[in-house]
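Asks: Sharing a model that was predicted from the sequence below.
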Amino acid sequence: MREDIILMMNGEIERIPPVKSDLTLMNWLRNNKNLTGTKEGCAEGDCGACTVVIGKYDYTSKGVGWHAVNSCILFLPMLDGCSIRTVEGLASHTGELHPVQNAFVENHASQCGFCTPGFVMSLYAGWCQSRNLDNAAIDDLFAGNLCRCTGYRPIKQAAFHINNILFEERDTDYRDEEEKFIVENLEREELSIKVKHLDHQIRFDAPRCLQSFQEILYTHNPLILAGGTDIGLWVTKKHMELFHFLYLGNVKELNQFEENEKGFLIGAAITHEVAMQKMADHFKSLQELWRRFGSEQVRASGTVVGNIANGSPIADISPAFIALGASLTLNSAGVVRVIPIDSFFISYGQQDLREGEFVQSIYIPKLKENEVFQSFKISRRFDQDISAVMGAFLLAADNDGLLQKVEIAYGGMAAIPKAALNLSKLLIGQDIENPPIAECRKAIEADFQPISDVRASSEYRYDMALNLLVKAIYNLAGKPMSYLAGADIQQVINTSFVAEHKNG
Ligand SMILES: Cc1cc2nc3c(=O)[nH]c(=O)nc-3n(C[C@H](O)[C@H](O)[C@H](O)COP(=O)(O)OP(=O)(O)OC[C@H]3O[C@@H](n4cnc5c(N)ncnc54)[C@H](O)[C@@H]3O)c2cc1C
Ligand code: FES
Ligand code: FES
């Protein structure tokens, strides 16, 4: 076992003696390395001021992937074996600015400059990924970065500027060294850090194989750490003391992604970004949902399974996978059981996970002939926001336009992500040209009793659940969206607005 973290920092190999396992990458950069170009804005993954670029081994492509990440919610030991670039590491040794930095200067894309290192690093990630930066790609690239004073036009202009530099003209040689280091690291001993802090022993285990992952989990009952995009906030915002992390990112078997003619299998360590790329062609609607999931930084770190395992009632992926009929493989010390995803969510904060058990993978069947999948996320902002309501619809109609298959699930409507069983049952055999909207509303009310909170009132959630359903059915029927203003639905909506006003 190895206790020192070994990583590459702006091109130089670093050997870091054991640290307290919840030390964030951002705090290490700023406080230990004096690399203060990386800024702290929100410390919760929302503003992008702390963005750095990391190179990390990707088992699915068997190569190195370069990603923008939020250093404020990553723990330093998670970066073992990775390469990190900060804004200080972009200029050449002779002080010549990197083309990405130059683009910001030449386009006047900085005013107070607080957000600038984060934006520069996000654009640098796009550069490393050789992305074609058209308007939509730039919006995606910067969705996780906020600027309060420059205005986004010159910032976007800097990105357009970079796009004019041909891929062949971009100097990538210096990344070869980093990629060599990352690949070589796969052969190093596993990391297992133990440090004494006050009266406690703090541990961070990063096994490489499933067998030792299972053993540590079963014997010590540690906290499973995947991408840390939820857990990071428990430390930075809730100030929780977490004593023992079991990191799954380095376990080869959990980095598995498989596709065959029947479906997709996503291992526990697969990030949203990887899954999104691999499933986009088959599930177009899922791709759109993923585009609205956090930001590039969040999707590059957070895992798909982590989104399900945390059991959040507003997790975006869970309702989609319930409607698609996904199943989970759970593993306890090598004993495996497979359950349908909807039975995993028992009640708020309680999932069907036994002691020493973890989610090993998730299986999602492909769409069969005639099946159409649609998902819609309703949030206050387009990017980087949490759903008020999320609706997922798997529908199939026969040649007469009668619904033969209906699987519907919602997020934000109950204490758990949940299937709309009454609604789905009601719709079987119904005409897609003329769905029974008033009855649907009643079925939704039988299925869900949503709460009112800061994101939406309960009535709004009911209305939205119904509207999304109508949208999904009308899409299936090939009716134009203007049809949504039809008398039926309008009447239902008006009725519920009146009800809301009456309730004060
Ligand atoms: C800025 C920001 C934006 C976000 N936007 C969205 C959004 O748009 N939509 C959305 O749904 N979520 C969003 N999230 C929440 C979060 O990114 C997701 O829930 C993410 O998928 C969690 O995965 P993770 O790998 O980071 O989990 P972690 O933080 O590592 O773990 C989360 C929980 O799951 C447990 N866990 C993880 N893996 C396993 C496993 N294999 N078996 C058993 N337990 C496990 C952990 O112990 C922990 O309790 C956002 C978060 C941030 C910080
Ligand atoms: S400090 Fe805001 S995202 Fe990290
Ligand atoms: S330049 Fe001031 S916040 Fe962006």
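Replies: That came in fine, so what should we check first? Ligands and ions are numbered 1, 2, ... in the order given.
Asks: How about the contacts made by I138?
Replies: K156, A159, F160 (C-beta atoms under 8 Å, 6 or more residues apart in numbering). Every C-beta, even on glycine, is put in place using the N, C-alpha and C of the backbone.
Asks: Would you mind listing what in this protein touches ligand 2?
Replies: Within reach of ligand 2 by C-beta under 6 Å from any ligand atom, the chain has these residues: E40, G41, C42, A43, G45, D46, C47, G48, A49, C50, N70, C72.
Asks: CA atoms only for the host helix or strand of Y363 - export them in CSV, please.
Replies: Per DSSP states H and E: Y363 is located in strand 357-365. What follows is strand 357-365, C-alpha atoms only, in CSV (Å, rounded to 0.1, in the frame of the first residue of the first chain):
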residue,chain,number,x,y,z
GLU,A,357,-23.8,-3.3,-0.3
PHE,A,358,-23.2,-1.0,-3.1
VAL,A,359,-24.5,-0.3,-6.6
GLN,A,360,-22.1,-2.0,-9.0
SER,A,361,-23.8,-1.0,-12.3
ILE,A,362,-27.0,-0.1,-14.0
TYR,A,363,-28.5,-1.7,-17.1
ILE,A,364,-30.8,0.3,-19.5
PRO,A,365,-32.7,-1.6,-22.2
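Asks: Parallel or antiparallel, which strands does it pair with?
Replies: strand 263-267 (antiparallel), strand 327-332 (antiparallel) (DSSP bridges).
Asks: now those as JSON lines including distance to I444, mean neighbour count and mean pLDDT?
Replies: Output for the strands paired with strand 357-365, formatted as JSON lines (distance: least, C-beta to C-beta, whole Å; neighbours: other C-beta atoms under 10 Å; pLDDT from 0 to 100):
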{"stretch": "strand 263-267", "distance to I444": "29", "mean neighbour count": "22", "mean pLDDT": "98"}
{"stretch": "strand 327-332", "distance to I444": "26", "mean neighbour count": "20", "mean pLDDT": "98"}
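Asks: picking up where we left off before, most neighbours, which of the residues of the chain next to ligand 2?
Replies: When neighbours are counted by other C-beta atoms under 10 Å, N70 leads those with 33 neighbours.
Asks: Next up, the contacts around that one.
Replies: N70 sits in contact with G45, G48, C50, T51, G144, G232, Q297, V298, S301, where contact means C-beta under 8 Å, 6+ apart.
Asks: Apart from its neighbours in sequence, what residue is nearest S332?
Replies: Closest residue in space to S332, ignoring its immediate chain neighbours: E357 at 3.8 Å, by C-beta to C-beta, 6 or more residues apart in numbering.
Asks: what number of residues lie near the residue in the stretch 251-400 of the chain that ligand 2 sits nearest to?
Replies: The stretch 251-400 of the chain approaches ligand 2 most closely through Q297 (7.2 Å), counting by C-beta to the nearest ligand atom. Here the number of neighbours of Q297 (other C-beta under 10 Å) works out to 32.
Asks: Likewise for the one 5 residues further on?
Replies: One way to gauge burial is a neighbour count; for G302, by other C-beta under 10 Å, it gives 25.
Asks: same deal with K252?
Replies: 14.
Asks: Can you give me the neighbour number for the residue in the stretch 301-450 of the chain positioned nearest to ligand 1?
Replies: Across the stretch 301-450 of the chain, the shortest distance to ligand 1 (C-beta to the nearest ligand atom) belongs to G306, at 2.4 Å. Applying other C-beta under 10 Å, we find 26 residues neighbouring G306.
Asks: Could I get the contacting residues of the residue nearest to it when sequence neighbours are not counted?
Replies: What sits nearest to G306 in space, not counting adjacent residues and going by C-beta to C-beta, 6+ apart, is A226, at 4.0 Å. The neighbours of A226, taking C-beta under 8 Å, 6+ apart as the test, are L248, G249, A268, A269, G302, T303, V305, G306, A309.
Asks: May I see the buried residues of the one helix or strand L468 maps to?
Replies: Assessed by DSSP H and E, L468 sits inside helix 458-477. Buried residues in helix 458-477, counted by 16 or more other C-beta atoms under 10 Å: 458-476.
Asks: Grab the most central residue of this protein for me.
Replies: The chain has R299 as the residue nearest its centroid, 3.8 Å off, counting by C-alpha atoms, centre = their mean.
Asks: Please name the nearest non-neighbouring residue to that one.
Replies: In space, R299 is closest to H272, 3.9 Å off (C-beta to C-beta, 6+ apart).
Asks: is it true that that neighbour touches G306?
Replies: No. Using C-beta atoms under 8 Å, H272 is not in contact with G306; the gap is 9.1 Å.
Asks: Can you tell me, leaving aside adjacent residues, what's nearest to I362?
Replies: Using C-beta to C-beta, 6+ apart, the nearest residue to I362 is I266, at 5.0 Å.
Asks: List the contacts of the one you found.
Replies: For I266, the contact set (C-beta under 8 Å, 6+ apart) comprises F257, A275, V304, V305, S361, I362, Y363, I364.
Asks: that older thread, which one, of the strands paired with strand 357-365, ends up nearest to S192?
Replies: Proximity to S192 (C-beta to C-beta) singles out strand 327-332 among the strands paired with strand 357-365, at 20.7 Å.
Asks: Return the alpha-carbon coordinates of the closest one using CSV.
Replies: C-alpha atoms of strand 327-332 as CSV (Å, rounded to 0.1, in the frame of the first residue of the first chain):
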residue,chain,number,x,y,z
SER,A,327,-32.3,-2.4,-13.4
LEU,A,328,-29.5,-2.1,-10.8
THR,A,329,-26.9,-4.7,-9.9
LEU,A,330,-26.2,-4.5,-6.2
ASN,A,331,-23.2,-6.2,-4.7
SER,A,332,-22.5,-7.1,-1.1
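Asks: And for that strand, what's in contact with it?
Replies: Residues from elsewhere that reach strand 327-332 (C-beta under 8 Å, 6+ apart): 214, 218, 308, 336-341, 344, 352-363.
Asks: Report whether that strand contacts ligand 1.
Replies: No. Strand 327-332 stays clear of ligand 1 (C-beta under 6 Å from any ligand atom), getting no nearer than 8.1 Å.
Asks: next helix or strand past that strand?
Replies: Reading on from strand 327-332 to the C-terminus, the next helix or strand found by DSSP H and E is strand 335-340.
Asks: nearest residue to C149 other than its sequence neighbours?
Replies: Among residues not flanking C149 along the chain, Q111 sits closest, at 4.4 Å (C-beta to C-beta, 6+ apart).
Asks: nope, I308 is what I was after
Replies: Spatial nearest neighbour of I308, chain neighbours left out: S318 (5.3 Å); criterion: C-beta to C-beta, 6+ apart.
Asks: just checking, the one you found touches P417?
Replies: Yes. S318 is within contact range of P417, at 3.7 Å (criterion: C-beta under 8 Å).
Asks: re the thing from before, gap between the residue nearest to S332 and Q351?
Replies: In this view, E357 and Q351 are 10 Å apart by C-beta to C-beta, to the nearest Å.
Asks: neighbours around L7, how many?
Replies: L7 - counted by other C-beta under 10 Å - has 23 other residues nearby.
Asks: Quick check: which helices or strands does the one helix or strand M390 maps to pack against?
Replies: Per DSSP H and E, M390 falls inside strand 389-397. Packing contacts for strand 389-397, counted by 3 or more C-beta pairs under 8 Å, 6 or more residues apart in numbering; DSSP states H and E, involve helix 317-323, strand 372-378, strand 403-411, helix 458-477.
Asks: That one pairs with which strands, and in what direction?
Replies: For strand 389-397, pairing defined by DSSP bridges yields strand 372-378 (antiparallel), strand 403-411 (antiparallel).
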